[in-house]
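Novice: From the sequence below, what's the structure:
(chains A and B)
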Amino acid sequence: MELIIDGLRKAIEMILTGDREILEITWLTLRVCLMAILISSLIGLPFGMFLGLKRFKGRKVILTLINIGMGLPPVVAGLWITMLLWRSGPLGHLQLLYSPTAIVMAQVLVSLPIVTGLTSSAFQQINDKMLLQIKALGATKIQTIMILLKQTKIAIVAAIMAGFGRVIAEVGAAMMVGGNIQGDTRILTTSIVMEVSKGNFDVALAISFILLTVALLITAALTMLQQRKRLS
Amino acid sequence: MLKNRFFATLFVFMLLILSACGNTEPDQADAKEKKTEPKAEPTELILATTTSTQDSGLLDVLLPIFEEENNVKVKTIAVGTGQALEMGTKGEADVLLVHAPKSEEELVTSGDAVNRKRVMYNDFILVGPKDNPAGVSGEDINAAFQKINETKANFVTRGDDSGTHKKELGIWTAVNIQPSGDTYISTGQGMGASLQIANEKNGYILTDRATWLAQEKNLTNLKIVVEGGKDLMNIYHVMQVNPEKHDMVNSKDAEKFVEFMISSETQDVIEGFGKEDYGQSLFFKYTE
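Specialist: You can find the predicted model right below:
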C-alpha cells in the first residue's frame, strides 16, 4: 500500500519537475503508438470496409486469417520482425532493427488485424435493404460511402480504440525489436519491465501511472469523438 | 461536401498526429546539435551485453563518456550472456561485453569474435533464506551445493543460458549432481526477477554481487550465505565481432570500444562505480 502511494507521489513529482528522461520516453511512446495506429487505420479501415461489403471467393479465408491475427501474440510479431530485420535477414541492409521504426512495424502487425477485423464486422451488419435503398435513391459511390461511414461511426472508433489499446499496452515486441535502448527506443512499457528487473518498484509504479494517464487521455478523446451527437 | 462533422474532426485529428510525428524529428535534431555543436552524424555501435552491467547502472556511467569522446551512439542490448554470444555468432552485434569465459573461447576459436580482452571482475555469491534451512556457510560453494541438494531445500536457477546460469551449471557438474525435481525452480528470467522469485519462494540462488547489492533493499527474506571462495570469481571480457566473417559490422568503433574499456581512465571509473551508493566497488579492475 505504501508502495502505491510512493509510486503515485513519484509519478507526480516526475511530471511536475519535468524529468527530462521520462518526458522523452513518454513523447516517444506517444509518437510510436499514434504512428502505428494511424498506419493501421489508414490501411485497416478501407480494407475492413471492402471485406465487409464485397462478396468474393476466398473472402472467408481472409476473414479467418484476420480473426486469428487479432489474437497474434506480440512476442510472435516481435520475433518475426526481428528475424526480418536482422543484419543477416532479408531486410538487414535497411539497418532498422533496434530503431523506433521497427517498433512501429511490430505494432502495426498486431493492431492492423484488430482494426480491419472490427471494421469489417461493422460493415457486415449493414442491412442489405438499406444498401438497396441508397442505390435506389441514386447516390453516387462517394455519397454511399459517406452514408455508410456515418452508420458505422461508433463501431469504427471502437475499432481504432481497440487497436490503440493493443499498441500502447504492448511490451514483448517492443522489447525484442526495439531493444529498450536509452534515449532511442525506450518506451513506457519497456521502462517498466526494466525498472522492475532493477528492483526499482517505486519508479516502475510511477511510470505505470504515467502510462495509464496517457492511455486515459487518448481513449477519452476518442470516446468523446465517438459519443458526440450527430449535428447534421 | 464534408457534411459529416465527425469525419472532418477525425481527419483533422489524424492530420494533427501526422504533423506531430513529422515535427519531432527536426526538433530532436536541433536539440542534439545544440548539445554537441556542429559534429558529424554519430555512427552507431551495437553492444550486446549482460543484464548485470545494465541493471547495476555501470553502463549508464561508462557509455556517455565513450559516446562523447568518439561521436558514437551506442545501442545497448542487455540480454543474457547466452543470447549476447549468439548475437555475436550471427553478426547481429558489433561488440560484446560478457562473462562466460568458456563459451567466449568457443567464439574466438570459431572466428566469430576477435580482439578479446579481459576487463573486470566481481564475484558470485550464494544467497539464501535468512533461516538458512540447509545450514550452509563459509567459502566452499561446492559443499554448499551438495548440502542444498541433500536437504532438498529450494534452489532457484536462472535457466536462461546466461553467464550466471552457466556458472551455476559448472558447479553442479563439479559436484556431480544433476539437479532436478520440485525444489529446483527454473525461472528463465533475468537476475533481478530471479532474485525476487527466490525471495518469495525461500530459495537459495547464485547471483553476481553487483545485482545483489543493487536489489538488496527489496529482498527482505534473503541474506548472503556463501562468499569469497576463489571459484566464485566472475570475469568479464570485451570482444569485437569479426568483421571479416560478418557483413555490416562496425569494426572501427568496436575496436575503439575495446580500447576504451581497457584504458586506465575507464578502469578507474569502473572501480570507483558504486562506492558512493553501496560503500564498496561493484566491479574491480582486471586487465591483462
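
Novice: Say whether chain B is contacted by whatever helix or strand A:L211 lives in.
Specialist: Using DSSP states H and E, A:L211 falls within helix A:201-227. Yes. Judged by C-beta under 8 Å from any C-beta of the partner chain, helix A:201-227 and chain B are in contact via A:F201, A:A221, A:L225. Where C-beta positions appear, they are placed from N, C-alpha and C, glycine not excepted.

Novice: Might you report the residue contacts of whatever residue of the stretch 51-200 of chain B ends up closest to chain A?
Specialist: Of all residues in the stretch 51-200 of chain B, the one sitting closest to chain A is B:G192 (4.0 Å; C-beta to the nearest C-beta). By C-beta atoms under 8 Å, 6 or more residues apart in numbering or on different chains, the residues touching B:G192 are A:V196, A:S197, A:K198, A:G199, B:T51, B:D55, B:T211, B:A214, B:Q215.

Novice: Not including adjacent chain positions, what is the nearest residue to A:L30?
Specialist: A:V214 (6.6 Å; C-beta to C-beta, 6 or more residues apart in numbering or on different chains).

Novice: Number of residues surrounding the one you found?
Specialist: 16 (other C-beta atoms under 10 Å in any protein chain shown).

Novice: likewise A:K135?
Specialist: 10.

Novice: Measure how far stretch A:129-144 is from the centre of its chain, please.
Specialist: What separates the centre of stretch A:129-144 from the centre of its chain is 33 Å, taken as C-alpha atoms, centre = their mean, to the nearest Å.

Novice: Distance check, B:G228 against B:T173.
Specialist: Going from B:G228 to B:T173 by C-beta to C-beta, to the nearest Å gives 22 Å.

Novice: ugh, wrong one, A:K141
Specialist: 73 Å.

Novice: Same question for A:E21.
Specialist: Distance from A:E21 to B:T173, by C-beta to C-beta: 43 Å.

Novice: One more: B:S52?
Specialist: Distance from B:S52 to B:T173, by C-beta to C-beta: 22 Å.

Novice: Leaving out sequence neighbours, find the closest residue to the residue positioned nearest the centre of chain A.
Specialist: Nearest to the geometric centre of chain A sits A:F164, at 3.2 Å (C-alpha atoms, centre = their mean). Excluding the flanking residues, the one nearest A:F164 by C-beta to C-beta, 6+ apart is A:I37, at 4.7 Å.

Novice: so the residue nearest to A:G183 when sequence neighbours are not counted is in which element?
Specialist: Using C-beta to C-beta, 6+ apart and skipping residues adjacent in sequence, the residue nearest A:G183 is A:E24, 6.8 Å away. Using DSSP H and E, A:E24 sits within helix A:20-53.

Novice: Would you tell me what the next helix or strand after that helix is?
Specialist: Downstream of helix A:20-53, the next assigned helix or strand under DSSP H and E is helix A:59-70.

Novice: is it true that the residue nearest to the centre of chain A touches A:A220?
Specialist: No. In this structure A:F164 lies outside contact range of A:A220 using C-beta atoms under 8 Å: 11.8 Å.

Novice: higher neighbour count, B:S52 and B:T173?
Specialist: Per other C-beta under 10 Å, whichever of B:S52 and B:T173 has more neighbours is B:S52, with 30 against 10.

Novice: Identify the residues contacting the more buried one.
Specialist: B:S52 sits next to B:H99, B:G163, B:T164, B:M191, B:D208, B:A210, B:T211 when contact means C-beta under 8 Å, 6+ apart.

Novice: Mind checking which of the residues you listed are in helices?
Specialist: Among those, the residues falling in helices (DSSP state H) are B:G163, B:T164, B:M191, B:A210, B:T211.

Novice: ok, now which ones touch the second one?
Specialist: Shown here is B:T164, whose contacts under the criterion C-beta under 8 Å, 6+ apart are B:S52, B:F124, B:R158, B:M191, B:L206, B:T207, B:D208, B:N234.

Novice: cool, A:L51 as well?
Specialist: A:L51 is in contact with A:R59, A:I62, A:L63, A:I66, A:T116, A:S120, A:F123, counting by C-beta under 8 Å, 6+ apart.

Novice: Try it again at 10 Å.
Specialist: Contacts for A:L51 were tallied using C-beta atoms under 10 Å, 6 or more residues apart in numbering or on different chains; they are A:R59, A:I62, A:L63, A:I66, A:T116, A:G117, A:T119, A:S120, A:S121, A:F123, A:Q124.

Novice: Any chance of CSV for these, columns distance to A:I15?
Specialist: Formatted as CSV, the contacts of A:L51 follow (distance: C-beta to C-beta, whole Å):
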residue, distance to A:I15
A:R59, 48
A:I62, 44
A:L63, 44
A:I66, 39
A:T116, 36
A:G117, 36
A:T119, 35
A:S120, 40
A:S121, 38
A:F123, 41
A:Q124, 44
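
Novice: mind listing the helices for chain B?
Specialist: B:5-36, B:51-55, B:58-70, B:81-90, B:101-110, B:141-151, B:163-174, B:191-201, B:209-215, B:251-262, B:264-272, B:275-278.

Novice: sorry, back to before: helices and strands around the helix holding A:L211, which ones?
Specialist: Contact analysis of helix A:201-227 by 3 or more C-beta pairs under 10 Å, 6 or more residues apart in numbering or on different chains; DSSP states H and E lists helix A:2-16, helix A:20-53, helix A:141-169, helix A:188-198, helix B:5-36 as its packing neighbours.

Novice: and B:R116, which of those is closest to it?
Specialist: helix A:188-198 (27.5 Å; C-beta to C-beta).

Novice: What average pLDDT does the closest one get?
Specialist: Here helix A:188-198 scores 90 as its mean pLDDT.

Novice: Go through that helix and flag the buried ones.
Specialist: For helix A:188-198, the neighbour count (16 or more other C-beta atoms under 10 Å in any protein chain shown) marks A:L188, A:T189, A:T190, A:S191, A:I192, A:V193, A:M194, A:E195, A:V196, A:S197, A:K198 as buried.

Novice: Measure how buried B:K167 is and give me the count.
Specialist: B:K167: 23 neighbours (other C-beta under 10 Å).

Novice: I meant to write A:L23 there.
Specialist: For A:L23, the neighbour count with other C-beta under 10 Å is 13.

Novice: Tell me how far it lies from A:A221.
Specialist: For A:L23 relative to A:A221 (C-beta to C-beta), the value is 20 Å.

Novice: A:R186 now?
Specialist: 25 Å.

Novice: More neighbours: which of the two?
Specialist: Taking neighbours as other C-beta under 10 Å, A:R186 and A:A221 compare with A:R186 leading, 20 against 11.

Novice: so what's the backbone phi/psi at the more buried one?
Specialist: When read as degrees, to the nearest 10, the backbone of A:R186 gives phi -80, psi 120.

Novice: Let's have the buried residues of helix A:188-198 in a markdown table, adding distance to A:Q151.
Specialist: Converted to a markdown table, the buried residues of helix A:188-198 look like this (distance: C-beta to C-beta, whole Å):
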| residue | distance to A:Q151 |
| --- | --- |
| A:L188 | 36 |
| A:T189 | 36 |
| A:T190 | 40 |
| A:S191 | 42 |
| A:I192 | 40 |
| A:V193 | 42 |
| A:M194 | 45 |
| A:E195 | 46 |
| A:V196 | 45 |
| A:S197 | 48 |
| A:K198 | 51 |
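
Novice: May I have the residues that are in contact with B:V241?
Specialist: Neighbouring residues of B:V241 by C-beta under 10 Å, 6+ apart: B:46, B:48, B:87-96, B:107, B:112-115, B:249-251, B:254.

Novice: quick one: it and B:L206, what's the gap?
Specialist: For B:V241 relative to B:L206 (C-beta to C-beta), the value is 29 Å.

Novice: And for B:G57?
Specialist: As judged by C-beta to C-beta, B:G57 and B:L206 stand 21 Å apart.

Novice: before we move on, back to that, who wins for neighbours among the contacts of B:S52?
Specialist: Scoring those on neighbours with other C-beta under 10 Å, the highest-scoring entry is B:M191 at 32 neighbours.
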